[in-house]
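Trainee: what shape does this take:
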Amino acid sequence: MIELYTDRLKLRTLRDTDWQDFLAIHLSTEVNQYVREPETLDDIKAKFEQRSLPWFYESGDWLTLVIEELQTGKFVGFTGLHCDDLVSERAEVGYLLAVDAQGKGYGTESLRAVIDWACIRYSIHKFVGQCAKANVGSARVMEKCGFKLEGLLKQHIKINGVWHDDCVYGLLTSERKLPD
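Mentor: Numbers count the residues shown, from 1 in each chain. Next up, the predicted model:
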């Protein structure tokens, strides 16, 4: 069981009781407009079941942590990472925030917590993240955490019939912003 804390947030391992929040985030057209094509209920359920299993960094599977407001317990979203390449010591990060939780700094705060924890727990040389060029909020989260834009993948993802460019960000562990 993983539990991480920040000044305002609690990040914890996914539980069976998180199904409704997981489903709502994955069905939200606003949350996913720059992330993915709409998924079927069966696909979302299979993803939830896989991410509810015990997690091991070396597996390459996504660690999905629930983000909650510390004071109220209110659901904020999900964050996590997966081992992108064990030999190259590279991890990919990701996050999805509920619409009413966006713009409050929760994405940045939760991503910093995940990065700090992962640096202590695992041998990670570099963190990477991607977001659609039009997803300026997501880009801003990574930039506030010290990620640098490393490239642009032209027309990399097709969502609802529209091609989107993807920005690729990187953060060397040695260059990360340490907690105050």
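Trainee: how much space between residue 10 and residue 92?
Mentor: Residue 10 sits 23 Å away from residue 92, going by C-beta to C-beta, to the nearest Å. C-beta here means a position set from N, CA and C on the backbone, and glycine is covered the same way.
Trainee: again, but for residue 44
Mentor: 20 Å.
Trainee: so where's the protein uncertain?
Mentor: Along the chain, segments meeting pLDDT under 70 span 178-180.
Trainee: what's the longest helix in it?
Mentor: helix 106-121 (DSSP state H).
Trainee: could I get the phi/psi values of the most far-flung residue of the chain relative to its centre?
Mentor: Residue farthest from the centre of the chain, counting by C-alpha atoms, centre = their mean, is residue 161 at 24.2 Å. Backbone torsions of residue 161, given as degrees, to the nearest 10, read phi 80, psi 0.
Trainee: any idea how far residue 167 is from it?
Mentor: To residue 167, residue 161 is 21 Å away according to C-beta to C-beta.
Trainee: this structure: strands as residue ranges?
Mentor: Along the chain, counting by DSSP state E, strands occupy 3-5, 9-13, 63-69, 75-85, 90-97, 126-132, 148-159, 162-172.
Trainee: what's the spacing between the shortest one and its chain's center?
Mentor: If I follow you right, that is strand 3-5. Relative to its chain's centre, strand 3-5 lies at 15 Å (C-alpha atoms, centre = their mean, to the nearest Å).
Trainee: then the last one?
Mentor: Strand 162-172 sits 14 Å away from the centroid of its parent chain (C-alpha atoms, centre = their mean).
Trainee: how many neighbours does the nearest residue to residue 150 once chain neighbours are set aside have?
Mentor: Distances taken as C-beta to C-beta, 6 or more residues apart in numbering place residue 170 nearest to residue 150, at 4.6 Å, with adjacent residues excluded. Number of residues near residue 170 (other C-beta atoms under 10 Å) recorded here: 17.
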